[in-house]
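*Asks:* Just need the structure, nothing else, for what follows:
(chains A and B)
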Amino acid sequence: MLSTAISVENLAFTYPGVDDAPGAPVFEDLSLAIEQGSFVAVLGSNGCGKSTLAKHFNSILLPCGGKVYVSGMDTSDPELLIAVRRAVGMVFQNPDNQIVANVVEEDVAFGPENLGVAAPVIRQRVDNALKQVGMYHYRNHAPHLLSGGQKQRVAIAGIIAMEPKCIVLDEPTAMLDPRGRKEVMETIGKLNREKGITVVLITHHMDEAAQAQRVVVLHKGSVALDGTPREVFSQVETLHGMGLAAPDTVELFYNLNSCGFSLPLDKINAEECAQVLYEDLG
Amino acid sequence: MLKDITLGQFFPGNSAIHRMDPRTKLIALIVYIVALFSAGSWLSYGLVFAFLAGTIAISKIPVKAIVRGLKPLVIILVFTGLLNLLFTPGEKVLVAFWRITITLEGVVRAVLMMARILMLISGTFLLTYTTSPIGLTDGLESLLGPLKKIHVPVHELSMMMCIALRFIPTLIEETDKIISAQKARGADFENGKLLERVKALIPILVPLFISAFRRADELATAMECRCYQGGDGRTKMKLLRYKRNDLYAFVLLVLLLVAVIFAARLGL
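*Replies:* Next up, the predicted model:
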């Protein structure tokens, strides 16, 4: 059996209310296990607690009830805070607000510097991290002169340089143009395949989620659907009920089916979709 | 509109001045300023000027860039020049009509004062032009290091400086966007009396501040995620190390200072 990278047990969380008013609970009893080395996409409509869940993975938020374990470490133990954050790196939505230094390589070095790594080792890690995200060529550039996708890759390099076991990305492509999105998604996929880094991708782009090995759909603070992209996305009506859409290919077949066709709903990429159409119509 | 701010601008290069340790350059600037203010005679000013000109030549910074940086100072220069010209008492009167008397001493003093200001600003520009902002903050942190013993938050201050420099271009870009957005809604920033124009800035500043606070909050979270816990136990990727060039620079600086003080004492 694969070991568990992150395990959430009966998590309950409520944001503190304003002026003594009780806040609305985000989670009441959420359980989820993420395996080491997997690529998991977390989907959900706005306000379902995706980002709140992500912030529990590295002790930015602490559970009000239940436990979150990262590689067996309790995230609410203050003694383990740094160890937890070393194990789980976070990439946020806005690349501008995560870059600390005004030279790319200095920014990537920020994490390892905080960990007290020796100078020559930092140099090595920074160079490796920048090569892995394909930004080595830009190491002496100023971050504000880079495109959104490039900045986000620098932010990812800053996390890899800390050598985490797991990377949590909170809508990393939400502010990027299609090209930047593609760059970032390719980088994430590569890290997962080649480095065996566990990736948790929080997104609301269905086509991005379709690239994961497993899709978890959150709805009203609990796990509504959980399975491979094919299993999850073929439940089109359930997704619609939660204010979500399936990937375009599945939506197409779903609409065709309602016009009298009977096409399979588990084709999540364009090639498969075209092949099925070709066979069915030809 | 806001793109031509030269604050803390850095010209990347590979000259001997660029490669010098930022600490050396910071100390050099201080010694240079002391020398400049000790100067009191033509020869001593000449020495300081020669030093400045030599440094500019070695740094390969285009003189144009320095002149461009000096432009906003024209008003201060003219003001200082006029004050010295008009209010210096002296014996050799050159021009005298109505209540205005211009003396030879006044002319000399005005010229020297203006030269002093120009040389002061050019010297500081040279530091920021040849030193990357991060080198500058690292240098400051290292130089002020001993103050940590008396609980001065040296690391925190240099971190703040570094982040401020990092966010200047981002916030300028944001200000431009807000100005465009407000103009698109019919805001008028160019016309009206001074008070009206100042009032027109409020709809720019309010969103700018709100966004800056939001950015600060997100940045703080991101820094925490990257295990930032202050200066203790932190290492540096680029270690500062004095090299042979720095030694030469220190020798030259001492010579400059001694020569200037001598020249000024002797009144040459």
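*Asks:* Report how many residues lie close to B:L201.
*Replies:* Residues within reach of B:L201, counting by other Cβ atoms under 10 Å in any protein chain shown, total 14. Placement of C-beta: from N, CA and C, glycine included.
*Asks:* Got the phi and psi for it?
*Replies:* For B:L201, the backbone dihedrals are phi -80, psi -20 (criterion: degrees, to the nearest 10).
*Asks:* secondary structure element for the residue lying closest to it once chain neighbours are set aside?
*Replies:* Computed as Cβ to Cβ, 6 or more residues apart in numbering or on different chains, the closest residue to B:L201 that is not its neighbour in sequence is B:F189, at 7.6 Å. Element membership for B:F189, per DSSP states H and E: none, as it lies in no helix or strand.
*Asks:* Show me the strands in chain A, by range?
*Replies:* Using DSSP state E, the strands found in chain A span residues A:4-14, A:25-35, A:39-43, A:65-70, A:73-74, A:88-91, A:166-170, A:198-202, A:214-219, A:222-227.
*Asks:* who does the second one pair up with?
*Replies:* For strand A:25-35, the pairing partners within the sheet under DSSP bridges are strand A:4-14 (antiparallel).
*Asks:* and what of the fourth one?
*Replies:* The strands that strand A:65-70 pairs with in its sheet are strand A:4-14 (antiparallel), strand A:73-74 (antiparallel) (by DSSP bridges).
*Asks:* and that strand, how far out from the chain's middle?
*Replies:* Distance of strand A:65-70 from the chain centroid (Cα atoms, centre = their mean, to the nearest Å) equals 19 Å.
*Asks:* Three-state assignment for B:F11, please.
*Replies:* coil (DSSP: H, G, I helix; E, B strand; the rest coil).
*Asks:* Give me the spatial nearest neighbour of A:T14, chain neighbours excluded.
*Replies:* Nearest residue to A:T14, sequence neighbours excluded (Cβ to Cβ, 6+ apart): A:P25, at 4.4 Å.
*Asks:* and the one you found, what pLDDT?
*Replies:* Looking at A:P25, its pLDDT is 82.
*Asks:* so what's it up against?
*Replies:* Listed by Cβ atoms under 8 Å, 6 or more residues apart in numbering or on different chains, the contact set of A:P25 reads A:A12, A:F13, A:T14, A:G221.
*Asks:* any idea what sits nearest B:F37, other than its immediate chain neighbours?
*Replies:* When the adjacent residues along the chain are set aside, B:F37 lies closest to B:R116, with 7.7 Å between them (Cβ to Cβ, 6+ apart).
*Asks:* actually A:S38, not the one I typed
*Replies:* Leaving aside its sequence neighbours, A:S38 sits nearest to A:Q213 (Cβ to Cβ, 6+ apart; 5.5 Å).
*Asks:* For the one you found, which residues are in contact?
*Replies:* Shown in contact with A:Q213 (Cβ under 8 Å, 6+ apart): A:S38, A:F39, A:V40, A:T228.
*Asks:* Can you tell me which of those is nearest chain B?
*Replies:* Minimum separation from chain B among the contacts of A:Q213 (Cβ to the nearest Cβ) is found for A:V40, which lies at 18.8 Å.
*Asks:* Report how many residues lie close to that closest one.
*Replies:* A:V40: 25 surrounding residues under other Cβ under 10 Å.
*Asks:* if I pick residue 241, what's in contact with it?
*Replies:* Chain wasn't specified; assuming chain A. By Cβ under 8 Å, 6+ apart, A:G241 lies in contact with nothing.
*Asks:* let's do chain B instead
*Replies:* For B:R241, the contacting residues are B:D21, by Cβ under 8 Å, 6+ apart.
*Asks:* pLDDT value on it, please?
*Replies:* Looking at B:R241, its pLDDT reads 81.
*Asks:* Does it belong to a helix, a strand or coil?
*Replies:* Under three-state DSSP, B:R241 falls in the coil class.
*Asks:* now B:T235
*Replies:* For B:T235, the reduced secondary structure class is coil; criterion used: three-state DSSP.
*Asks:* residues contacting the nearest residue to A:L252 once chain neighbours are set aside?
*Replies:* Using Cβ to Cβ, 6+ apart and skipping the chain neighbours, the partner closest in space to A:L252 is A:C273 (6.9 Å). Shown in contact with A:C273 (Cβ under 8 Å, 6+ apart): A:T249, A:L252, A:F253, A:K267.
*Asks:* Tell me how far A:C273 lies from B:L77.
*Replies:* Using Cβ to Cβ, to the nearest Å, one gets 72 Å for the distance from A:C273 to B:L77.
*Asks:* A:S147 too?
*Replies:* From A:S147 over to B:L77 the distance is 42 Å, taken as Cβ to Cβ.
*Asks:* Tally up the residues packed near A:M73, please.
*Replies:* Neighbour count of A:M73, defined by other Cβ under 10 Å: 17.
*Asks:* So it sits against A:A87, correct?
*Replies:* Yes. Here A:M73 lies in contact with A:A87, judged by Cβ atoms under 8 Å, at a distance of 7.2 Å.
*Asks:* quick one, helices of the stretch 51-200 of chain A?
*Replies:* A:81-87, A:104-114, A:119-132, A:148-160, A:178-195 (DSSP state H, counting those that start in this stretch).
*Asks:* got those helices as CSV, with mean neighbour count, mean pLDDT and distance to A:L61 columns?
*Replies:* What follows is the helices of the stretch 51-200 of chain A, written out as CSV (neighbours: other Cβ atoms under 10 Å in any protein chain shown; pLDDT from 0 to 100; distance: least, Cβ to Cβ, whole Å):
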stretch, mean neighbour count, mean pLDDT, distance to A:L61
helix A:81-87, 20, 90, 12
helix A:104-114, 26, 90, 20
helix A:119-132, 18, 91, 27
helix A:148-160, 26, 91, 19
helix A:178-195, 17, 89, 23
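*Asks:* Figure out which of these is closest to B:L26.
*Replies:* Of all the helices of the stretch 51-200 of chain A, it is helix A:104-114 that lies closest to B:L26, at 18.7 Å by Cβ to Cβ.
*Asks:* got the angle between the closest one and helix A:119-132?
*Replies:* For helix A:104-114 against helix A:119-132, the angle by axes from the mean of the first three to the mean of the last three Cα atoms, to 10 degrees is 130 degrees.
*Asks:* And helix A:104-114, how far out from the chain middle?
*Replies:* With Cα atoms, centre = their mean as the basis, the distance from the averaged C-alpha position of helix A:104-114 to the chain average is 22 Å.
*Asks:* same thing with stretch A:234-249?
*Replies:* Centre-to-centre, stretch A:234-249 and its host chain are 20 Å apart (Cα atoms, centre = their mean).
*Asks:* now it: mean pLDDT?
*Replies:* Averaging pLDDT along stretch A:234-249 yields 85.
*Asks:* Just give me the neighbour total for B:A35.
*Replies:* Number of residues near B:A35 (other Cβ under 10 Å) recorded here: 23.
*Asks:* Secondary structure element holding it?
*Replies:* Using DSSP H and E, B:A35 falls within helix B:22-38.
*Asks:* circling back to that earlier point, how about the residue nearest to B:F37, what does it touch?
*Replies:* By Cβ under 8 Å, 6+ apart, the contact set of B:R116 is B:L36, B:F37, B:A39, B:Y45.
*Asks:* Tell me the residues on chain A that lie near chain B, please.
*Replies:* By Cβ under 8 Å from any Cβ of the partner chain, the residues of chain A that approach chain B are A:58, A:60, A:82, A:85-86, A:89-90, A:92, A:94, A:96-103, A:105-106, A:109-119, A:122-123, A:126, A:140, A:142-144, A:158-159, A:162.
*Asks:* again, 6 Å this time
*Replies:* A:82, A:85, A:90, A:92, A:96-98, A:101-103, A:106, A:109-111, A:113-117, A:119, A:122-123, A:144 (Cβ under 6 Å from any Cβ of the partner chain).
*Asks:* Can you tell me which of the contacts of B:R116 lies closest to chain A?
*Replies:* Looking at the contacts of B:R116 and their distance to chain A, the nearest is B:L36, at 29.8 Å (Cβ to the nearest Cβ).
*Asks:* Find the nearest non-adjacent residue to that closest one, please.
*Replies:* B:V48 (5.3 Å).
*Asks:* host element of that neighbour?
*Replies:* B:V48 belongs to helix B:42-59, assigned by DSSP H and E.
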